[in-house]
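>>> Quick one, what's the 3D model for this:
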Amino acid sequence: MKKVLITGASGFIGSFLVEEGLKQGFQVYAGIRKSSSRAYLQDPGIVFIEFDFSTREKVLETLAQCKAENIRFQYIVHNAGLTKAQKKEDFYNVNCRNTIHFIEALIQADMVPEKFIFVSSLAAFGPGNPDTGEPVRHTHEPKPIELYGKSKLEAERYITSLKDFPWLIVRPTGVYGPKEKDYFVFFQTINRGMEPYIGFRKQTLTFIYVRDLVRLIFIAMTSSFIHKAWFVSDGKEYPSEQFAEITKRALGKKTIRFTVPLFLVKTIATVGERVAGLWGNIPTLNKDKYNVLKSTNWRCEVEPLEQDFGFKAEYDLEKGVQEALDWYKKEKWL
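Residues are numbered from 1 along each chain as shown. Next up, the predicted model:
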């Protein structure tokens, strides 16, 4: 039985990666922090390993324990990371520096796997050209517009500099599904009868349902490819209004639709960030978030997924939203 280590296993995407690994017959090792919740990791077949990536030495200690127990991973999915942070430096420390510590420790401990999958993000490249509407492509120069994306890009640059390390990179667009908390806020808002929009220019959005993403990751992981990266979406494009319409139908809700001008959002974000910055914190609505909200083109190329794997998403937005909302209702989130 081949062994796969999944870091960030206690999180939204991580818990689905664990589920998929078990489903496919792998011995799954869930890499978690000491403080991580195990609420969504209840299968008795899961083996837990506590990691502290803050220094290479701490990672080496954990890997030494693995070697002592004759544990060697054929595959590693490095999914651990931050999408939100209280302090700006946390993005770089967790998403980039910790990744470097992990890989350096794997190399030093002679525990390099057959394949190392880094879960990055479309945010590492940023949005597409708003004037031409062209999708973001692998050949484009990355232009991240937020600290999260910049930290992911720095991690990618380190990884891709390694010539003898068996890396692959996946860059999903907006990931949604059961347990996810950011899109859930939008679902809550619609459920309360409100339908807000930011700015008057139309946005084109892309999505990938979490089950499709983890399926693709395992396809890539066990493929013959090496030293390659892919953008991941369901292959469709959605006007922001369509996301709301699908959600309203699924919830059976009518809403009050309103638009908040960009200048007002920018003012709130700028003032909020300055005030929070006095304590070294980042507010929820900040200049990075403003840059994301005002961006109108989140298309990305998915043709390579079809060419390399014959990959087709099983979930479009309508099917995915319905399944996610059913879960939120069942779990009393809505």
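
>>> if we look at the helix or strand bottoming out on mean pLDDT in the chain, which residues are touching it?
One helix or strand of the chain scores below all others by mean pLDDT, DSSP states H and E: helix 262-277, with a mean of 86. Contact partners of helix 262-277, identified using CB atoms under 8 Å, 6 or more residues apart in numbering, comprise 198, 199, 200, 282, 283, 285, 286, 287, 289, 290, 293, 294. Just so you know, the C-beta spots here come from the backbone N, C-alpha and C atoms, and that holds for glycine as well.

>>> Check stretch 212-220 too.
13, 16-17, 19-21, 24, 77, 117, 119, 168, 170, 172, 175, 230, 232, 234, 305, 309, 311, 313-315.

>>> Looking at those, which are in strands?
77, 117, 119, 168, 170, 172, 175, 230, 232 (DSSP state E).

>>> residue contacts, the first one?
For residue 77, the contact set (CB under 8 Å, 6+ apart) comprises 4, 5, 6, 7, 17, 117, 119, 217, 221.

>>> Closest to residue 72 out of those?
residue 5 (9.9 Å; CB to CB).

>>> What score does the closest one have for pLDDT?
We have a pLDDT of 98 for residue 5.

>>> what's the answer for residue 70, then?
Note on residue 70: pLDDT of 96.

>>> swap in residue 38?
Taking residue 38 on its own, its pLDDT is 96.

>>> Check whether it really touches residue 10, as I assumed.
Yes: between residue 38 and residue 10 there is a contact at 6.5 Å, judged by CB atoms under 8 Å.

>>> Of these two, which one has the most company?
Each of residue 38 and residue 10 has its neighbours counted (other CB atoms under 10 Å); residue 10 has more, 22 against 13.

>>> List the contacts of that one.
30, 32, 33, 36, 37, 38, 39, 40, 41.

>>> what are the ranges of the helices in this protein?
12-23, 56-68, 88-91, 98-108, 147-160, 182-191, 210-221, 240-251, 262-277, 287-294, 303-309, 317-330 (DSSP state H).

>>> can you count the residues close to the nearest residue to residue 203 once chain neighbours are set aside?
Leaving aside its sequence neighbours, residue 203 sits nearest to residue 240 (CB to CB, 6 or more residues apart in numbering; 4.2 Å). Neighbourhood size, residue 240 [other CB under 10 Å]: 15.

>>> try residue 158
Neighbours of residue 158 using other CB under 10 Å come to 17.

>>> Quick check: it vs residue 152, distance?
Taking CB to CB, to the nearest Å as the measure, residue 158 falls 11 Å from residue 152.

>>> before we move on, what about residue 305?
Residue 305 sits 19 Å away from residue 152, going by CB to CB.

>>> if you count what's nearby, which of the two comes out ahead?
residue 152 (30 against 21).

>>> ok, the closest residue to that one other than its chain neighbours - contacts?
In space, and not counting its chain neighbours, residue 152 is closest to residue 124: 4.1 Å by CB to CB, 6+ apart. Applying CB under 8 Å, 6+ apart to residue 124 gives the contacts 142, 144, 149, 150, 152, 153, 156, 171.

>>> Okay, residue 124 and residue 140: tell me how far apart.
Counting by CB to CB, the gap from residue 124 to residue 140 is 11 Å.

>>> And residue 21, by the same measure?
According to CB to CB, residue 21 stands 32 Å off from residue 140.

>>> Likewise for residue 73?
For residue 73, the distance to residue 140 - CB to CB - is 33 Å.

>>> When these two are compared, which one has more neighbours?
Set side by side, residue 73 and residue 140 show more neighbours around residue 73, with 24 against 15, by other CB under 10 Å.

>>> Make sure that one is actually in contact with residue 3.
Yes: using CB under 8 Å, residue 73 makes contact with residue 3 at a distance of 5.0 Å.

>>> where do the contact lists of these two overlap?
Common neighbours of residue 73 and residue 3 (CB under 8 Å, 6+ apart) are residue 29.

>>> Nearest to the spatial middle of this structure, which residue is it?
residue 121 (5.8 Å; CA atoms, centre = their mean).

>>> which residues touch it?
With contact taken as CB under 8 Å, 6+ apart, residue 121 is in contact with 148, 149, 152, 171, 172.

>>> mind running it again at 6 Å?
152, 171 (CB atoms under 6 Å, 6 or more residues apart in numbering).

>>> Check the spacing between it and residue 163 real quick.
In terms of CB to CB, residue 121 sits 24 Å off from residue 163.

>>> same deal with residue 16?
32 Å.

>>> More neighbours: those two, which one.
Using other CB under 10 Å as the criterion, residue 16 and residue 163 rank with residue 16 on top: 26 against 6.

>>> Surely that one is in contact with residue 210?
Yes: counting by CB atoms under 6 Å, residue 210 is a contact partner of residue 16 at 5.0 Å.

>>> Show me where the stretch 51-200 of the chain dips below the pLDDT cut-off.
Scanning the stretch 51-200 of the chain for pLDDT under 70 picks out no residues.
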